[in-house]
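**Q** When you get a sec, could you give me coordinates for this:
(chains A and B)
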Amino acid sequence: MAKDHVSGPEDYESLIEEVLEAYPAKAKKKRAKHLQVAQPDPEAEVDATTGIASKCDTTKSNIKSIPGVMTIRGCAYAGSKGVVWGPVKDMVHISHGPVGCGQYSWSQRRNYYIGKTGVDSFVTMQFTTDFQEKDIVFGGDKKLEKTIDEINELFPLANGVTIQSECPIGLIGDDIEAVAKKKKKESGKTMVPVRCEGFRGVSQSLGHHIANDAVRDWVFDAEDSEAVKSYEPGPYDVNVIGDYNIGGDAWASRILLEEMGLNVVGNWSGDATLAEIERAPKAKLNLIHCYRSMNYICRHMEEKYGVEWIEYNFFGPSQIAASLRAIADKFDDKIKEGAERVIAKYQPLVDEVIAKYRPRLEGKSVMLYVGGLRPRHVVTAYDDLGMVIAGTGYEFGHGDDYKRTGHYVKDGTLIYDDVTGYELEKFIEKIRPDLVGSGIKEKYPVQKMGIPFRQMHSWDYSGPYHGYDGFAIFARDMDLAINNPVWGMYDAPWETPTAIAAE
Amino acid sequence: MPQSADKVLDHAPLFLEPEYQDMLTEKKVKYECGHPDEMVKEIGDWTKSWEYREKNLAREALSVNPAKACQPLGAVYASQGYESTMPFVHGSQGCVAYYRSHLSRHFKEPSSCVSSSMTEDAAVFGGLINMVDGLANTKALYNPKMIAVSTTCMAEVIGDDLNSFILQAKEKGSVDDDYDVPFAHTPAFVGSHVDGYDNMQKGILSHFWDNAEREAGEGLNIIPGFDGFAVANNREIKRMLDEMGVDFTFLSDVSDVYDTPSDGEFRMYDGGTKLEDVKTALNAKATISMQEYCTPKTMEYIEKAGQEAINLNYPMGIQATDDFLMKVSELTGKAIPESLRMERGRLIDALADSQAWLHGKTFAIYGDPDFVYAMARFLMEMGAEPRHCLATNGTKAWGKKMEELLASSPFGANCQVWPQRDLWHMRSLLNTEPVDLLIGNSYGKYLERDTGTPLIRLAFPIFDRHHHHRFPTWGYQGALTVLVKLLDMIFDKLDDDTIVPGETDYSYDLTR
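**A** You can find the predicted model right below:
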């Protein structure tokens, strides 16, 4: 099965050239700007934790995908309903428009939560206005009103409703904002209209931004709720922003922050309630994990409410320790001591995990293609296990993401933005990494090629991967993916007589 | 500290550890501002009441947990059943990411499909450029033999005209003039995935047949319809037809594309109906649709083209398989061979062996209209009693046909039919008029949790169990698979109910 193996950075340059050859001229010119090899950056300051300074931000990003190439990206609705709002558990999120969007995204992000589904929590349910032709022709506002009335009657413990617009809404001129205002007045409950029609922007990313803006306009700018009024802020109050509790990530993170003495007032938005969103501006500090999807609201909270924010990374022990210390630096000695105590407490677990798994994974190469923060944030978790990143890329990253990536990946790493199915397949085929981490659409083609794969959006139904407890699971999962015997049985023995002889 | 390298705890046990339980309790009390536990319990109980059921059934606008998807999913699936065909969906790109994910999660296989990636400017000016560039790029990168175009609701709302766009794209040289680009408008706000399947099938057939002359022949065409078990079901049908020595063509066959081997090579395309065969399929004597509600427009078209059009409703169970074979025999003049009579006999033998365990057991069924019809019919054949038959994408006409079926057997006497209802309705039905077992897809696990009704997964999509779709449910062999699934659930449940030592295990029988 061994095929051409591309070994070094020079080869990557020619590999990019070779892959681009397949495109028609217009598309080739466009795609060339999204593919590069990370360059040394002698002028940049070396990252204190990783010791790396490379240049990845020459890649063009956050621009339209080319038609017909099999982009892996999603849409603004996916960014708002799927990512930002969907996990808020005590609100009903209406997929407003035809049935499909809500159906395909139903229960697929593994945003864990505690609650009685259908009674006081609604995350793993699919609420839709199920648009019919007449709704397109005559408008859907009346149907939306009735839908909200029916939600209020049948789900009385829902603390609010968000309206997640699908493509037709913006095209037929519906006024969902007016409906939201009216229903808020009638019911007293929070109503959030979100203009996240799938055709807006170029990917999920604009949906995150629009969803952030909706928090600002329809939650923060509303009059204070009882939850806000009754809340006494404390000196150690923080919000975790951009942790969607996939497979319990936010819980494996929260436990560390609380152990060091902080109070996690709000977790956005995995396992969150509306109250956790409402109270957030009163906290001392915002801790942002997924910068891409929620930096907007952090900037707003800083500007309007003076809440400082800090990025952190809870993938892998090196970054966890560095992050705990950086967070603690924003507080007094009590918290600083707390951070050291936590790091020391978990060090034996870290040592055990590394002792067990590093020898099994040392030197294995990895290619990543994911979204949000992961194309860079998980890199150091692989580093901690002695694994090497051959290539990485973002589905919907912006320039600031690529800039930050320079602190994570060494020069010589292949970088691909909004990669197409064709490019990714060719890159993988030529580089033949020991592991690929990407999504469900990529999983099966890669495995057919005989290359181990882990879904790095859903943690492949495993997780959590955040925090120390999550790192143990991460290490175990990478080991079981790579070191499973199945990969050695792809070739029928009668087809490779030399292999039999060699045994 | 619960976690260790020796025994890595996954999410399920990890968060049950006291550290986490305490943390979650404190989070709830201090930060969530939720409703008091008594109120949650009270409302939770109320949602199980008759009063709630009536309010729930009175819903007019809100849909909760519907059991249907949108048209383009069916169109993409139908396209994938043709030789080296790339489905191309004109409109917003996120939709395509969704279809591919949905199909991959069910089949545990690659699902290839492209989008024309229309954005805000295309919403204003139309998506012609997206079509022109898109077709050229798809052809260059993925080298399909055919590109089958369907639409997302965005393209439908702005009124993009596929026929004109494709012609213009060809004029601009995106693909050659004679390159096959069939198309179908598949608005997501009309019908469901079964209608998208229908529209795409009709689009593909009319692309090849409209300007061709039919020379009446003796062959048969089979249209399988949208089917989560197609991988095995199509092969099972082919096996039976081969045993009969029938000359047949499947129109859309995903059995190979959704079941490629792992041997080091990723096959983007594999198997499927050969384009040459689609052309000659015009000459067939008749076309059998295995799923009437997946093919109304297609079958109308086929009938107009001069063929006999036979509509079946998912050949699962004894009589449904009998009907299929006898119809084939009638159309082709080929006798049903002894080997198939033996298979039938073995199935009947199995049913007779197990009849006591199924007789009188009550069932709720949901899924696509043809599936629900066949499942109810098969249950009645076994002496079981369907009680609730629900299809979110079932029309009123389907409801009527179901009523007729149920009236044909005493075992259908107490059954209610629920067209255009969703799974939140089903929740009320199961809470107020409980049944022994539920048949549906993976989404049914929430009903299993909320109502305690054990779920048997026999409908698309199945995300949380692996590989069931690799075994047939059609034909006599398929009926055996279904029978065993039902029996296993009944026996497992019985064992679970009698497993407490010294309390209930007097009934924990070794032989059943």
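**Q** Lowest-scoring secondary structure element of chain B by mean pLDDT?
**A** None of the helices or strands of chain B scores lower by mean pLDDT, DSSP states H and E than helix B:120-125, at a mean of 94.
**Q** Run the chain-centre distance for it.
**A** 34 Å (C-alpha atoms, centre = their mean, to the nearest Å).
**Q** Which positions in the helix or strand just after that helix come out as buried?
**A** Counting by DSSP states H and E, the next helix or strand C-terminal to helix B:120-125 is helix B:128-142. Neighbour counts over helix B:128-142 (16 or more other C-beta atoms under 10 Å in any protein chain shown) mark B:128-142 as buried. C-beta: built from backbone N, CA, C; applies to glycine.
**Q** State the mean pLDDT of helix B:128-142.
**A** Averaged across helix B:128-142, pLDDT comes to 98.
**Q** Would that helix count as contacting chain A?
**A** Yes - judged by C-beta under 8 Å from any C-beta of the partner chain, helix B:128-142 comes into contact with chain A at B:Ile129, B:Asn130, B:Met131, B:Asp133, B:Gly134, B:Leu135, B:Ala136, B:Asn137, B:Thr138, B:Ala140, B:Leu141, B:Tyr142.
**Q** Looking at chain B, what residue ends up closest to chain A?
**A** Residue nearest to chain A within chain B: B:Gly94 (2.4 Å; C-beta to the nearest C-beta).
**Q** which residue sits closest to that residue in space, ignoring its chain neighbours?
**A** Spatially, and ignoring its direct neighbours in sequence, B:Gly94 is nearest to A:Cys75 (2.4 Å; C-beta to C-beta, 6 or more residues apart in numbering or on different chains).
**Q** if I pick the one you found, what's in contact with it?
**A** Listed by C-beta atoms under 8 Å, 6 or more residues apart in numbering or on different chains, the contact set of A:Cys75 reads A:Gly198, A:Phe199, A:Arg200, A:Ser203, A:Gln204, A:Gly207, B:Ser92, B:Gln93, B:Gly94, B:Cys95, B:Ala97.
**Q** again, but for A:Glu226
**A** Counted by C-beta under 8 Å, 6+ apart, A:Glu226 has contacts B:Cys33.
**Q** Distance-wise, check it relative to A:Pro156.
**A** Separation of A:Glu226 from A:Pro156 (C-beta to C-beta, to the nearest Å) stands at 17 Å.
**Q** now the strands: where do they sit in the stretch 101-250 of chain A?
**A** A:127-128, A:160-165, A:190-194, A:237-243 (DSSP state E, counting those that start in this stretch).
**Q** re the thing from before, A helix includes the residue of chain B closest to chain A, no?
**A** Yes - assignment of B:Gly94 by DSSP: H, G, I helix; E, B strand; the rest coil places it within a helix.
**Q** what's the burial count for B:Glu265?
**A** 13 (other C-beta atoms under 10 Å in any protein chain shown).
**Q** give the contact list for it.
**A** A:Lys448, A:Met449.
**Q** Three-state assignment for it, please.
**A** B:Glu265 - assigned by three-state DSSP - is coil.
**Q** Distance-wise, check it relative to A:Glu429.
**A** Applying C-beta to C-beta, one obtains 10 Å for the distance of B:Glu265 from A:Glu429.
**Q** okay, the residue nearest to B:Gly94: pLDDT?
**A** So, for A:Cys75, pLDDT stands at 98.
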